[in-house]
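Enquirer: dropping a prediction and its sequence here:
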Amino acid sequence: MKETFPKAVGGITLESPLILAPMAGVTIPPLRLFFRKLGAAATHTEMVSCAGLMRSNTKSGNMLEICHKEEPVILQLFAGDTKTLLTAAEKAMSEAPGRFAALGINMACPMPKVLKKGAGSRLLEDPEKATSMVKSLKELGAPVWVKTRIYSERGFSMTASFCEKLLSAGADNVCVHGRTPSQRYAGVANRQSVFDLAETFPDMISASGDVFTPQEALDYLEKRCVSVFIARGALKDPFIFPQTLAALGFSVDNRLLCPSIGLQISLLVELGDHIAEMASPRLAEILIKRLLSGMFKSIPGIAELRRDCACLHGWNALRDLMSGCEHYFERRDMLCRPT
Ligand SMILES: Cc1cc2nc3c(=O)[nH]c(=O)nc-3n(C[C@H](O)[C@H](O)[C@H](O)COP(=O)(O)O)c2cc1C
């Protein structure tokens, strides 16, 4: 696998096939940079409301920010109609020329507030609108990436026909999450339908869904998916990126393969500081607590640290506790601070 990279995937030159998936409320610039440093070859913005961009809504506008050295970033947009999508994308491109490696269209979100606008996975019900969105974004010259879901557990042909229409309209990459919109995040992702799509459309299909271990990423890649988007698995264990890269034959800093608790904590503190500075201390507290709650499973002492962190309020208090957490661990060697 390593030998074939760097390579052009969906019009973007990628160092590897591992991509941080879009996550609303999570994939803000400091977090994206954190995952880039851990080995994500590209990342996504949160889904950005085109209507919000058109109204010059501050929250939507702020989502166009990126950090130094975090490229390539895919700007994911959502809209219920082609005109709003195109105008907002034009606005984003003119305000931030060259900032984004590709324009993404969200045709996957199953949340009611997105569906009622005719956006997200609602577009599966209107392939004509979906294809007109792709065609119109292609006019802007940037690669167009679509993220979508499967129609139904058994209806492979409908999903294949939808993907075929998107690709004929010019989509450079279609990422398929193997759940139906009504499943939301329940049940298990239907990997076989994603494998079948990847076989039907070689080099054009990326995979999303239930990647919690390196092997689960490898399975998608072995079945010819051109890249793998990782979402919840990255929040549970950010080191899934270096570990999967190593499994694919890429050379990886050894410290990231079996990271000491000390290294993990210091990276989290650095990340929290960056979030506090670029976004807000409140968001730093929320996101670092979220990462802490999934990481460091089965390590003596971690349950107490996690419990005490959960009771604290404010990033500074959390930061202080994490920075002086040595006494939580019986085996000090597990902490060995990074050099
Ligand atoms: C907190 C959260 C926010 C998400 N936000 C988005 C989003 O903005 N756009 C999108 O296309 N998918 C979004 N997703 C879906 C993920 O990108 C991904 O497709 C899904 O979680 C399945 O992959 P996983 O099993 O690796 O988590 C989100 C998922 C989570 C957990």
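Expert: Right, received. Where do you want to start?
Enquirer: report the buried residues of stretch 240-251.
Expert: Under the neighbour-count criterion of 16 or more other Cβ atoms under 10 Å, stretch 240-251 has Ile240, Phe241, Pro242, Gln243, Thr244, Leu245, Ala246, Ala247, Leu248, Phe250 buried. All C-beta atoms are positioned from the backbone trio N, CA, C, and that covers glycine.
Enquirer: all helices of the stretch 101-250 of the chain, in order?
Expert: Counting by DSSP state H, counting those that start in this stretch, one finds helices in the stretch 101-250 of the chain at the ranges 112-115, 127-138, 156-168, 191-200, 214-222, 232-236, 240-247.
Enquirer: which bits of the stretch 151-300 of the chain sit near the ligand?
Expert: Contacts of the stretch 151-300 of the chain with the ligand, taken as Cβ under 6 Å from any ligand atom, map to His177, Ser208, Gly209, Asp210, Val211, Phe229, Ile230, Ala231, Arg232, Gly233.
Enquirer: just the ones of the residues you listed in strands?
Expert: With DSSP state E as the criterion, strands contain His177, Ser208, Phe229, Ile230 from among those.
Enquirer: run through the residues that contact the last one.
Expert: Taking Cβ atoms under 8 Å, 6 or more residues apart in numbering, we find Ile230 in contact with Leu18, Ile19, Leu20, Ala21, Ala40, Val211, Ala217, Ile240, Phe241.
Enquirer: give me the contact list for stretch 319-327.
Expert: Outside stretch 319-327, the residues that touch it by Cβ under 8 Å, 6+ apart are Ile265, Leu268, Val269, Gly272, Asp273, Ile288, Leu305, Asp308, Cys309, Leu312, Arg332, Leu335.
Enquirer: what about the protein, any weak spots by pLDDT?
Expert: 330-339 (pLDDT under 70).
Enquirer: if we go to 80?
Expert: Counting by pLDDT under 80, the chain contains low-confidence ranges at 1-2, 153-155, 296-298, 329-339.
Enquirer: what about the strands in it?
Expert: For the chain, the strands defined by DSSP E cover 7-9, 12-14, 18-20, 43-44, 48-49, 73-78, 102-107, 144-149, 173-177, 205-208, 227-230.
Enquirer: now render those as JSON lines, adding distance to Ala130.
Expert: JSON lines is the format used below for the strands of the chain (distance: least, Cβ to Cβ, whole Å):
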{"stretch": "strand 7-9", "distance to Ala130": "21"}
{"stretch": "strand 12-14", "distance to Ala130": "21"}
{"stretch": "strand 18-20", "distance to Ala130": "21"}
{"stretch": "strand 43-44", "distance to Ala130": "19"}
{"stretch": "strand 48-49", "distance to Ala130": "18"}
{"stretch": "strand 73-78", "distance to Ala130": "12"}
{"stretch": "strand 102-107", "distance to Ala130": "6"}
{"stretch": "strand 144-149", "distance to Ala130": "8"}
{"stretch": "strand 173-177", "distance to Ala130": "11"}
{"stretch": "strand 205-208", "distance to Ala130": "16"}
{"stretch": "strand 227-230", "distance to Ala130": "19"}
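Enquirer: ok, now how distant is Asp308 from Lys147?
Expert: 38 Å (Cβ to Cβ, to the nearest Å).
Enquirer: who has more neighbours out of these two?
Expert: Legend: neighbour count by other Cβ atoms under 10 Å for Asp308 and Lys147, higher for Lys147 (27 against 14).
Enquirer: any idea how far Leu321 is from Pro6?
Expert: Distance, Leu321 to Pro6, by Cβ to Cβ: 41 Å.
Enquirer: likewise for Tyr151?
Expert: Distance from Tyr151 to Pro6, by Cβ to Cβ: 34 Å.
Enquirer: looking at those two, which one has more neighbours?
Expert: Tyr151 (20 against 10).
Enquirer: for that one, which non-adjacent residue is closest in space?
Expert: Using Cβ to Cβ, 6 or more residues apart in numbering and skipping residues adjacent in sequence, the residue nearest Tyr151 is Met158, 4.1 Å away.
Enquirer: that neighbour and Ser152 touch, don't they?
Expert: Yes: with contact defined as Cβ atoms under 8 Å, Met158 reaches Ser152; the gap is 7.0 Å.
Enquirer: returning to what we had before: format the buried residues of stretch 240-251 as TSV; extra columns: distance to Lys223.
Expert: What follows is those, written out as TSV (distance: Cβ to Cβ, whole Å):
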residue	distance to Lys223
Ile240	19
Phe241	20
Pro242	23
Gln243	20
Thr244	15
Leu245	19
Ala246	20
Ala247	16
Leu248	14
Phe250	20
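Enquirer: fine by me, we can end here.
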